[in-house]
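Visitor: What shape does this take:
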Amino acid sequence: MKNVKKMVVAVVLFVAATAFVNAQSKVAHINVQQLLSEMPEMKAAQAELKKLEETYSADIEASVKEFQNKATQYQNESPSKTREENEKRALELQGFEKNIQEARQAALGEMQKKQAELFQPISERAKAAIEKVAAAQGFDYVVDASPGLSLIVAKGKDLLPEVKVELGF
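Guide: The predicted structure follows:
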């Protein structure tokens, strides 16, 4: 009877210990910013955005130069023009300046829209790879270890190398 009690106690302790171990979650970390910045698709997207930005900048710069030339011309010609003509020219310059500001705002909006359009599929692909690697290695949680996201200690498993392999780079 004494042996049966010892056996029961041993089994209960074994089950409790097993349950405790199984209850603990496995946690890994990854620097998502680093992963995204190293993805070839991200580099291509950034190059495309840079090209688009340069196009918008060149267009706006040309408009600014045209505005400055017109303003200089109008200023030089103002003594020889009537007050009504000068007021009309001033209104024209104000409209031109307003158009330049609107073009800047539109360009900024288009850049943000294009960035979201380009980056979303890349982010989704990275997330899917992170989830696949984490599931394959049995991790319950993966914490983003990017700088500034309040990860204090990162002694756990770093999934960055495996996720890069999963993504093919």
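
Visitor: Quick check: next helix or strand after the longest helix along the chain?
Guide: Secondary structure of the chain per DSSP state H: the longest helix is helix 83-136. Downstream of helix 83-136, the first helix or strand assigned by DSSP states H and E is strand 141-144.

Visitor: For stretch 63-83, buried residues please.
Guide: 63, 71, 74 (16 or more other C-beta atoms under 10 Å). Any C-beta I mention is one placed from the backbone N, CA and C, and that applies to glycine too.

Visitor: if I look at the nearest residue to N86 once chain neighbours are set aside, how far off is G138?
Guide: Distances taken as C-beta to C-beta, 6 or more residues apart in numbering place S78 nearest to N86, at 5.2 Å, with adjacent residues excluded. Relative to G138, S78 is positioned 78 Å away (C-beta to C-beta, to the nearest Å).

Visitor: center of the chain, which residue is that?
Guide: The centroid of the chain falls nearest to F119 when counting by C-alpha atoms, centre = their mean (6.8 Å).

Visitor: low-confidence ranges in this protein?
Guide: 1-24, 150-155 (pLDDT under 70).

Visitor: and if we set it to 50?
Guide: 4, 7-23 (pLDDT under 50).

Visitor: wait, which of the buried residues of stretch 63-83 is closest to I130?
Guide: Set against I130, the nearest of the buried residues of stretch 63-83 by C-beta to C-beta is S63 (44.3 Å).

Visitor: Excluding chain neighbours, give the residue nearest to that closest one in space.
Guide: Nearest to S63 is I100, by C-beta to C-beta, 6+ apart, at 5.1 Å.
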